[in-house]
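Engineer: Provide a 3D model corresponding to the input given below.
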Amino acid sequence: MKKISFRDLAGVTLLSAAPSIIEPLFTMYFMIYMTDYSGIGIRAAQIASTVLIVARIFDLFCTPAVGVFVASSKTTKYGKYRPFFLLSFCLMAIGALMVFHLPEPKGGAVLGAAIYVMIGYLIYDVGVSFHMPQLLYRTMTTDANERGKLLIGPRYMSMALGIVMSGFFTIASRIDKSVGNMHRSFGIVVTLYILPLLLISFVGLLIVREYHSTQQDSQKVSVADILAVFRENSAFRIRTLSVVFSGLIWTLLFSSVNYYLKWTYCADLSTGAVDSGIYGRLIMVSSLLTLLPILIGSAIALPLMKKVGSPDRFCRILLLLQAIPLGLLFLLQVTGILRHSAILFFCLVGTAAFAIGCNFLPENVLAMECMDYDIFINKKDRGPVYHSVTSLIAKIQATLTSVAIASVLTSIGYIVDSKTDTFIGDMNKLPGMLTDFTVIMGLVPAILSTVAFLILRKYPITPEVRQQMKRSTE
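Structural biologist: Residues are numbered from 1 along each chain as shown. Have a look, this model is predicted:
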């Protein structure tokens, strides 16, 4: 067992900078950018959901192909996986800069804008497919607790950048006072966020090292292995089925927050006008109050996991802790209490965020353990294929969430002036929209976390099996 050094920790932490700022731009801000700031108009929600659906169809072929390609690639003098990080960062950044610098459609010609967004999104999407940090971590140590250490640094980087992201709308509002166009201001802030973090990730790429290859270069991996991993590896099968449900919780919760805050606590429902100053502050408070529990959860997750005894048992406990506040979120909205108290809203979301933050570490440890289990039982490393399958699931989950939000917005004829940020649709439909959002970010995730808990009870890797796996690598 190799002990993780400071250089290892510094390398993986800096390496995570660019993805930690670019991916949230798409998971949290893509839909609201398209509907409120792109200038496309009433068809924005439909175009955004269409882009995401087409991207997922594309992923059905692209992501598995990337996994097979990476798995079958040769180890170079720079390592097996490091060159793919460089490719990933460049594609993600180019795609993001394209999408969030959408030229404003002129004369109602939205087809060109839709095609432009589609191209940019697909470039970003391919970059995400090549981003496989778990595979790099596996080369650095075989011990579960040492791997847990590698997860903490990137998690802290993600949280720190989340705090930076909390000021996104405040910065955009201030720039808008000079620019006079929220569409352009949004793009300027995106650029200011991406370029410095991209440079930091390049530095991390120079620092980080691969210590051993878990797969022999002569070992071939084919498309058939994608189905084989489900048939032959029961641990991966159970863990993946659990993630199908639990992985939706984060996306459902945080993709809806911006809309809910905007139209519940910041809007004049008689005129449709939004107080951008209040909105910026609430977004900042929301980000901080959700990031702080995640930061604390990440800090205490490793000792708690050791105390609980196994990562799968710890995951089950945390899934139940997510269900309770999210169920309350929906009930308090239905009773009319939640819309009168932003503080109560923040407390419930923050509590769920704490459990989600804790769950990050054991979930990733389980993912790497499933890859090791494949080597243990089949003598074959299909790590990139595993990663591609879970990556594809995550992308589909994000798309389902965005489509659900787009459906709500389309059903009420949601339209916002991209320059003044004022709602210009039917004001009487906004209260119903807010209740629909609490179904998306409260009731449904509460049910999903309960289902994931029941599935994970069947996880087959026991402490005895873990000991056998560990001895087989010594």
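Engineer: Which of the three states applies to the closest residue to Leu329 other than its chain neighbours?
Structural biologist: Nearest residue to Leu329, sequence neighbours excluded (Cβ to Cβ, 6 or more residues apart in numbering): Gly442, at 3.6 Å. C-beta here means a position set from N, CA and C on the backbone, and glycine is covered the same way. Three-state assignment for Gly442 (DSSP: H, G, I helix; E, B strand; the rest coil): helix.
Engineer: measure Gly442 to Ile40 for me?
Structural biologist: 29 Å (Cβ to Cβ, to the nearest Å).
Engineer: who's more crowded, those two?
Structural biologist: The neighbour comparison of Gly442 against Ile40 (other Cβ atoms under 10 Å) goes to Gly442, with 28 against 23.
Engineer: wait, the more buried one sits on Gly327?
Structural biologist: Yes: Gly442 is within contact range of Gly327, at 6.7 Å (criterion: Cβ atoms under 8 Å).
Engineer: what about the biggest helix by length in the chain, distance to the chain center?
Structural biologist: The longest helix of the chain (DSSP state H) is helix 342-378. For helix 342-378, the separation from the chain centroid amounts to 12 Å (computed by Cα atoms, centre = their mean, to the nearest Å).
Engineer: residues near the closest residue to Val208 other than its chain neighbours, how many?
Structural biologist: In space, and not counting its chain neighbours, Val208 is closest to Gly11: 3.0 Å by Cβ to Cβ, 6+ apart. Neighbour count of Gly11, defined by other Cβ under 10 Å: 23.
Engineer: Could you say which helix or strand holds Gly11?
Structural biologist: Applying DSSP states H and E as the criterion places Gly11 in helix 6-15.
Engineer: Give the buried residues for that helix.
Structural biologist: Asp8, Leu9, Gly11, Val12, Thr13, Leu14, Leu15 (16 or more other Cβ atoms under 10 Å).
Engineer: Touching, the second one and Arg155? I think so.
Structural biologist: Right, the one you point to is Leu9. No: Leu9 is not in contact with Arg155 according to Cβ under 8 Å; the separation is 11.6 Å.
Engineer: now stretch 25-33, how far from the centre of its chain.
Structural biologist: Here stretch 25-33 is found 11 Å from its chain centre; the criterion is Cα atoms, centre = their mean.
Engineer: Straight-line length of stretch 403-421, end to end?
Structural biologist: For stretch 403-421, the first-to-last residue distance is 22 Å (Cα to Cα, to the nearest Å).
Engineer: And the contacts of it?
Structural biologist: Identification of contacts with stretch 403-421 by Cβ atoms under 8 Å, 6 or more residues apart in numbering yields 31, 35-39, 41-42, 44-46, 48-49, 52-53, 104, 180-183, 252, 255-256, 259, 274, 276, 422-426, 429-430, 432-433, 436-437, 440.
Engineer: Same check on stretch 113-129?
Structural biologist: Contacts of stretch 113-129 (Cβ under 8 Å, 6+ apart): 22-23, 26, 34, 38, 40, 47-48, 50-52, 54-55, 58-59, 62-63, 66-67, 87-99, 102-103, 105, 388, 391, 395.
Engineer: Among these, the buried ones, what's the PyMOL command?
Structural biologist: PyMOL command restricting the contacts of stretch 113-129 to the buried ones, with burial defined by 16+ other Cβ under 10 Å:
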select buried, resi 22+23+26+34+38+40+47+48+50+51+52+55+58+59+62+63+66+67+88+89+90+91+92+93+95+96+97+98+99+102+105+388+391+395
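Engineer: count of residues packed around the nearest residue to Leu434 once chain neighbours are set aside?
Structural biologist: Nearest residue to Leu434, sequence neighbours excluded (Cβ to Cβ, 6+ apart): Thr264, at 5.6 Å. The number of residues packed near Thr264 is 22, by other Cβ under 10 Å.
Engineer: any idea of the pLDDT on Thr264?
Structural biologist: Thr264 carries a pLDDT score of 91 in this model.
Engineer: Torsion angles phi and psi at it?
Structural biologist: phi -90, psi -40 (degrees, to the nearest 10).
Engineer: Ok, the one 3 residues further on next?
Structural biologist: Note on Ala267: its backbone torsions stand at phi -110, psi 150 [degrees, to the nearest 10].
Engineer: That one contacts Thr422, doesn't it?
Structural biologist: No: between Ala267 and Thr422 there is no contact under Cβ under 8 Å: 9.1 Å.
Engineer: So for those two, which residue has more residues nearby?
Structural biologist: Higher neighbour count among Ala267 and Thr422: Ala267, with 21 against 16, using other Cβ under 10 Å.
Engineer: and the residue nearest to Leu329, how far is that from Leu289?
Structural biologist: The value you get for Gly442 to Leu289, if Cβ to Cβ is used, is 16 Å.
Engineer: Now do the contacts for Arg174.
Structural biologist: By Cβ under 8 Å, 6+ apart, Arg174 has no neighbours at all.
Engineer: Compute the distance between it and Leu97, please.
Structural biologist: Plainly put, Arg174 is 21 Å away from Leu97 if you go by Cβ to Cβ.
Engineer: For Glu369, grab the count of nearby residues.
Structural biologist: 25.
Engineer: Could you measure from it over to Tyr81?
Structural biologist: According to Cβ to Cβ, Glu369 and Tyr81 sit 19 Å apart.
Engineer: List the residues that contact the residue nearest to Leu329.
Structural biologist: The neighbours of Gly442, taking Cβ under 8 Å, 6+ apart as the test, are Leu253, Leu326, Gly327, Leu328, Leu329, Phe330, Gln333.
Engineer: among the residues you listed, which ones are buried?
Structural biologist: Among the contacts of Gly442, those classed as buried by neighbour count (16+ other Cβ under 10 Å) are Leu253, Leu326, Gly327, Leu328, Leu329, Phe330, Gln333.
Engineer: per-residue pLDDT, the nearest residue to the first one once chain neighbours are set aside?
Structural biologist: Counting by Cβ to Cβ, 6+ apart, the nearest residue to Leu253 once its immediate chain neighbours are dropped is Met441, at 4.6 Å. Per-residue pLDDT puts Met441 at 91.
Engineer: Surely Met441 is in contact with Leu326?
Structural biologist: Yes: applying Cβ under 8 Å as the test, Met441 and Leu326 come out as touching, 7.5 Å apart.
Engineer: Show me the shaky parts of the stretch 351-474 of the chain.
Structural biologist: Scanning the stretch 351-474 of the chain for pLDDT under 70 picks out 473-474.
Engineer: Where do the helices of it begin and end?
Structural biologist: For the stretch 351-474 of the chain, the helices defined by DSSP state H, counting those that start in this stretch occupy 383-411, 430-438, 444-456, 463-473.
Engineer: Thanks again, I'm all set now.
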